Structures are given as C-alpha cells and as structure tokens.
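**Q** here are the coordinates; sequence isn't available:
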Ligand SMILES: C[S@@+](CC[C@H](N)C(=O)[O-])C[C@H]1O[C@@H](n2cnc3c(N)ncnc32)[C@H](O)[C@@H]1O
C-alpha cells in the first residue's frame, strides 16, 4: 500500500514507523493508545494487535475505501476500538452507524467512544434484524462486519441489501479457528468464501497473522 | 392516500408527499420506545385519522398494530416506499418541522441514537436476571474467600490448639471457638453456644486440657480472632445471598427454579448470560453448560463428549448411577429450556413441567437399571494406563482427593470441603461445582479476556479482574490439574463400580 494517503499515517515512534490516524477529538484516548503530536497535528497510534482493520493494513490491504466523508455501517462495534480510528478517518462530515447488541460492551462504547465523536451513531440492535435499526439513513459506502457469528455471511447479506450502495465495499472478519477442530484454517476460510461468492465479488483475503492468530479478513464488492 | 410515518421525533401524516400534520413526541426516546413496544395511546393521532378511515399506509409495524387496535384500517407501506423514507429521513425530519435544516436533523438524529442506546443499556442493567447472576456469583466468590480464610485460621490457631482441627469440621463452629479466645478460656458454655452436643463439648474440653499447642500472644490472638469474625460475617452474608437468590429465582424464573433448583438455575442463568438467552438455547447446549473444556477436548481428541456440566450439581443427576446421568441431564435440560421460555413470557408457574420431568426420570431409572454394555466394558480400557489406580483403589475417595490436592494446591484444598460448600449439597455436588468453575470459568474468561484485551485494556472492569486473575490463576491451574487427576481416578473407580457392589454403593453416596 502506498504510504502517502490522507486516510492513515505512518508516524515515527520509538524508532519505528507506526500506523496512526489523525485524532478527531484532541487529547482523547480510547484504549490507552499513544498520542503523538507532529507539526501541530495530533495522531493516535493504531495498534494492529488490537484492531483487525489495522492488522489488515499491516498485512497488505490493497483497497481502503474508508475516506474523508465516507459513510460506514459497522456491525459488531464492541467497545469501539476499531470504530474510533474509522471515526478519525471519515472526519466530521463522515458518518458511522455502529451496531452492537451486547449491552455490556455497548456501555463502554457509548461512554468512551460514541459520546465523544459526533460522526458515530450508536445502534443497540441485533444485526440479524436490520429493519429494526433506528436513525440509519441513506446507503453507506462500506459495510464492515465483525460479529463472530456462525451465520454472519447471511446477516451480512441482509444488511448489505438494505444499506450498502451499489458497488460499495464489504469487509468481513472470519474466525479461522472454529469449534470444529478437524477443519484447517484454510478450509474454513475457503468455505466461508464459497458461501459469499454468490453475492459478492471477492477482492482480497488477508490472513491477520501474526497480529491475530485466529482471524482473516475478506474484502469484497457487493453484487446483490 | 395518507402516509403515516414514525420518525424519531414524532409521528407525521403526509398526503401525496405533502405534510398534513405532525404529532411531535414530548420525550423523543421515551415516546419512540413506547410506540415500538406497542404501549402508546396515540389519542390525538387516532382522533385525527379516525374520520379519514381509508387509504392509510404506515411505515412501521408497531405503529400499524397500535392503529388497528384503535380500529383504524391501516396497511404497511411497500418496500420501495420504506426504502425511500429510509434514505431521505433527514429531509423528512426537516419537512415535518422537527429540525430547521439537514445539519440540525443529523445532529438531532445522533442525539436521539445516543439517548435511545443509553436507555437500552440502562434498562438491561436493571433487569432482575442480571442481578440474580451477580448474586450467585458473589455467593461462589464468598465460598472461595471463606474457605481460603478458614484454612488459614485453622493453621494459625492450630499453632495454639492443634487438636481442634481434627474434631471440628464446620467452619462456623471452629470460628466461634476461636472467637472465645485462648485454649484456657474455653468453657463448656462456649462449645454449647457454638452448637456442639454435650459429648463433643466434653471431648473438646479434654483435648484442650492436654493440648500440645504453644502459647499465643495477645496481639496474634486478636488478629486470628478478627479473621474468625470475618469468616462468621461471610457466613451470614452467604446465608442472606442464598435466601435472596432463592426468592429472586422464584419471582423472576419460577419454572426454571422448579426444574433446576434455585442455585443451579441461577448458575446456569449466569452461564447463559440472561434468561432470554437461556430460553433461546438448544437443550443440548444447556445439558453441557459448564463443561466447555471437556467438550473441546472431545472434539479435538474424539474422546467421549461430556454428558453434563453444571447440571451435575442437580440433585437428580448426581444421585443417579453413573450410566443414567447423561440421560437424566438431557431430560432436565430439555425441560429447563421450556421452563425458561415460560418464564420469559412471565406466565407463572407451570406444574406440569416438573411432573413430566419426574415421570421421565423415573422411566430412565427403570429402563436403564443396569449399566449399558459399553459401560461395563470400560474398565479394560482404563487398565492399560493405570498403574497408579491400583494404589488408589483402597481407601476413601474423599480423603484421597484431599491429599492429592494438598500436594498441589496447599492444605487449603481439604478445607474447601468444609462447612460452606457442603451445606449446599453433597460432596459430589461440590466436585461438579469446582469443575464447573474451572472449565466454564476459564473458557469464559479466555473468551472475554481476548476480546476485551483487543478492545483496550483500559476498562475498569478489567483492571479489577487483573488483580484477581493474577492471584488466582496459578492456584487455579494447579487445582485444575489435580482435579483432572481426580477425575480420571473417579472414572476408573466408576467403571470398576459396575462390577463391584461395594464401589457402586460408595459412588452413589
Ligand atoms: C469480535 S467483537 C468485534 C470487535 C470490534 N469489531 C473491533 O475490532 O474493535 C464481536 C462483537 O460483535 C457483537 N455481536 C455478535 N453478534 C451480534 C449481533 N447479532 N448483532 C450485533 N452485534 C453482535 C458482539 O457482542 C461483539 O461485541
């Protein structure tokens, strides 16, 4: 991936180039990540061990549709680590609809991330019922799915049908270590991709090793 | 054609793309939720729509139900119309007069989403089943703490009066005696007040008079006594918690409570996360809840899958002979799901459930009176890798459990069998309880830990957890191992038991 883009940055820290985003909320830390100010701009280091999207970037993500003013539907925000960086990237005119159904993590997400960032609309709902989402409007540029559910492909399809723009991008996190230990990680990914192929054009599959031992990321376009 | 649209800030009626009338909410979040829950009255809207009567289409199913309840003939909008509304929502909000311009509409929408999400979080934390889960977990934590403290107490006070340890099993009784002071100042009255019968009191008095323990300084005694006091306090708290869990279970989940018993029911609830989640689980999952580790092991190695997890604590399961337990656990699990469902809908107690379960369990015990073939063959399998088991055959299981674990986890283990936990049930239940905590607890912690770690270790909850985890993990690991050893041992004796009357009697204990 090219290094000169405006979405994320490579910042020198401890003698290494590290991934970072420009902090949308000055002084605000989300998960104890390091804040670094360079030439009057504050950056937040983006930890690939904590965020699978960052891990994907480290491992050669080729398409990065998260841009200034983008709109994103993000399923499974959990406490909002990754979402906070996407929030930095899409900026004040972008918007992220963040869906999460577990109220325990959602509380942290609201307190630490959503309440500080005006471009996030938190939606406490089950991703299986996209019709029930409130306050979502228009279609989004990207649907990002990290919900760790066995039927996640179906859930994703339903959500894309309702909310993804034509030719929009789709990111799916796949767990490569399943309950069925007889399956190899490779097979699991292949099977999941097979299930997706009817509806998506697969663009890239990224193993998140060594940042995340058990997950892969699939990037696709939605075909309907 | 009238279009009735539910927005975040009120209900609006459009006629041919033009606003006819808006009914703003007073409190957006509250009123919106009340429409969604189909609890709103909507008097004004109903009065307005009443005379129109025909050609009314609605954007929301809950809203439609409400209108129909008020005998207004309404129908759902077409998909295309709904999509249109969805994509132009900010504009609709402006057109309805709920915002001056698009940007105000956007910020109001976000404010609404924050408000609605917060109120959902709040609502969930108020739900009684979550409080039950906290209570039962507190109870289990207290057991752990009290058992640990009590073994410390026995050791420390034991320097002064070593003979007391062996005669008094109950943590409570022991603590009460310690509270009374030094050996010399123990009177028969003290023993009586601690609830010991005459004969025992005499014996303690005798032992006290010829004790080989050393003297204890006043300062040391004072500390030992305050430990004893704490243990007694914990004991009170535990009793309160137990009663509380029972009462709450009976109110919140009466059927589940009837099928599983309050304590086991509450623990299963804790594993499921909430009553609702439990109600939507397959019975096969409930059957082995708490035995996740064994399940994974079986998937990995092809070993037999677990027959029960937490359900082992259920009186019907642990009282049954080994070969029936899996079947009984399954029967209980099947009824437990139904019970949880009935409880979710709050339909009160359904006596049939328990009756049916009793009938089923009776059937099982008749039909499988003798061990199945596979079970009787089993000893052969085990003999291959025993060697150790020979030594273990004689003697009493419990003591061995004690000694094993003492080797691993320090003397405290034996005391865990003391008063606190036993009150809850038999020894075997205790065993189930421990393995539950080990297996389920660990796996849950691992899962939770993983995601939480990824999410950012900043969470207050995690910090709290860290301390405990750091402290506890070693002993848990050790304990876990020793327990696993015991379990193998147990299986071996179990299989022997099928041949051996004496054993099987012991097992059924
Ligand atoms: C692995 S975590 C996501 C981590 C997050 N994406 C990040 O990188 O920071 C998965 C989350 O999906 C949520 N989830 C699972 N099933 C869901 C569903 N049906 N609807 C909404 N959220 C769901 C879980 O509660 C959990 O918080």
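**A** The structure has been received and is ready for your questions. Remember, it's a predicted structure, so these values are computed and weren't measured experimentally. Numbers count the residues shown, from 1 in each chain, chains lettered A, B, ... in the order given.
**Q** from here on, just use CA atoms for contacts and neighbour counts.
**A** Fine.
**Q** can you name the residue of chain A nearest chain B?
**A** Ranked by Cα to the nearest Cα, the top residue of chain A for proximity to chain B is residue A:138, at 3.7 Å.
**Q** that residue in helix, strand or coil?
**A** coil (DSSP: H, G, I helix; E, B strand; the rest coil).
**Q** equivalent analysis for residue B:51, please.
**A** Going by three-state DSSP: residue B:51 is coil.
**Q** swap in residue B:305?
**A** The three-state label for residue B:305, taken from three-state DSSP, comes out as coil.
**Q** what's the neighbour count on residue B:77?
**A** Per other Cα atoms under 10 Å in any protein chain shown, the neighbour tally for residue B:77 reads 18.
**Q** quick one: pLDDT of it?
**A** The score at residue B:77 is 94. That number is its pLDDT.
**Q** any idea which element the closest residue to residue B:59 other than its chain neighbours lies in?
**A** Excluding the flanking residues, the one nearest residue B:59 by Cα to Cα, 6 or more residues apart in numbering or on different chains is residue B:5, at 5.1 Å. In this assignment (DSSP states H and E), residue B:5 forms part of strand B:2-6.
**Q** same thing with residue B:245?
**A** helix B:218-252.
**Q** what about the following helix or strand past that helix, average pLDDT?
**A** Where DSSP H and E defines the elements, the next helix or strand beyond helix B:218-252 is helix B:254-260. Averaging pLDDT along helix B:254-260 yields 91.
**Q** just the endpoints, please. Distance across stretch A:30-38?
**A** 19 Å (Cα to Cα, to the nearest Å).
**Q** repeat that for stretch A:37-47.
**A** First-to-last distance for stretch A:37-47 - Cα to Cα - comes to 17 Å.
**Q** ok, and what's touching that stretch?
**A** A:11, A:18-23, A:26-27, A:29, A:33-36, A:54-55, A:85 (Cα atoms under 8 Å, 6 or more residues apart in numbering or on different chains).
**Q** swap in stretch A:85-96?
**A** Outside stretch A:85-96, the residues touching it (Cα under 8 Å, 6+ apart) are A:7-8, A:21-24, A:46, A:66-74, A:83, A:117-121.
**Q** cool, stretch A:15-34 as well?
**A** Counting by Cα under 8 Å, 6+ apart, A:7-12, A:35, A:41-47, A:54, A:81, A:84-85, A:87-89, A:91-92, A:112-113, A:116-117, B:455-458 sit against stretch A:15-34.
**Q** same check, this time on stretch B:90-100
**A** The contact list for stretch B:90-100, computed with Cα under 8 Å, 6+ apart, reads A:137, B:7, B:9, B:12, B:19, B:22, B:24, B:85, B:101-102, B:105-106, B:108.
**Q** mark which of these are buried, thanks.
**A** Buried members of the contacts of stretch B:90-100, scored by 16 or more other Cα atoms under 10 Å in any protein chain shown, are A:137, B:7, B:9, B:12, B:19, B:22, B:24, B:85, B:102, B:105, B:106, B:108.
**Q** which residues in the stretch 151-300 of chain B form helices?
**A** B:163-167, B:171-180, B:188-193, B:198-209, B:218-252, B:254-260, B:262-272, B:275-279, B:283-288, B:292-301 (DSSP state H, counting those that start in this stretch).
**Q** what are the contacting residues of the third one?
**A** Helix B:188-193 is touched from outside by B:176, B:177, B:180, B:198, B:201, B:202, B:205, with contacts defined as Cα under 8 Å, 6+ apart.
**Q** of all the residues in that helix, which ones are buried?
**A** B:188, B:190, B:191.
**Q** now these in TSV, with pLDDT?
**A** Below are those laid out as TSV (pLDDT from 0 to 100):
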residue	pLDDT
B:188	81
B:190	84
B:191	83
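**Q** related to what we said a few turns ago, in the helix holding residue B:245, what counts as buried?
**A** B:221, B:224-225, B:227-232, B:234-235, B:238, B:241-242, B:244-252.
**Q** and for stretch B:177-184?
**A** Those would be B:177, B:178, B:179, B:181, B:182, B:183, for stretch B:177-184 by 16+ other Cα under 10 Å.
**Q** run through who's touching that stretch.
**A** Contacts for stretch B:177-184 (Cα under 8 Å, 6+ apart): B:157, B:160-161, B:186, B:190-191, B:194, B:208-209, B:216, B:221, B:224-226, B:228-229.
**Q** what number of residues lie near the residue nearest to residue B:59?
**A** Close neighbours of residue B:5, defined as other Cα under 10 Å, add up to 21.
**Q** could you do residue B:20 as well?
**A** Count around residue B:20 with other Cα under 10 Å applied: 14.
**Q** low-confidence ranges in the chain?
**A** Answering for chain A, as no chain was given. Residue ranges of chain A with pLDDT under 70: A:1-5, A:178-182.
**Q** if you could check chain B rather than the one you did, that'd help
**A** Low-confidence segments of chain B, defined by pLDDT under 70: B:53, B:372-509.
**Q** all helices of chain A, in order?
**A** A:52-58, A:81-90, A:103-112, A:152-163, A:185-197 (DSSP state H).
**Q** out of those helices, nearest to residue A:211?
**A** Of all the helices of chain A, helix A:52-58 sits nearest to residue A:211, with 6.0 Å by Cα to Cα.
**Q** is the ligand contacted by the closest one?
**A** Yes: Helix A:52-58 comes into contact with the ligand (Cα under 6 Å from any ligand atom), by way of residue A:52.
**Q** how far off centre is that helix?
**A** Chain-centre distance of helix A:52-58: 9 Å, with Cα atoms, centre = their mean, to the nearest Å.
**Q** quick check: buried residues in stretch B:191-205?
**A** Neighbour-count burial for stretch B:191-205, counted by 16+ other Cα under 10 Å, picks out B:191, B:194, B:196, B:200, B:201, B:204, B:205.
**Q** any idea how far apart the tips of it sit?
**A** 9 Å.
**Q** point out the most buried one among the helices of chain A.
**A** The highest mean neighbour count among the helices of chain A, using mean count of other Cα atoms under 10 Å in any protein chain shown, belongs to helix A:81-90: a mean of 25.
**Q** that helix near the ligand anywhere?
**A** Yes: using Cα under 6 Å from any ligand atom, helix A:81-90 comes into contact with the ligand via A:81, A:82.
**Q** fine by me, thanks again.
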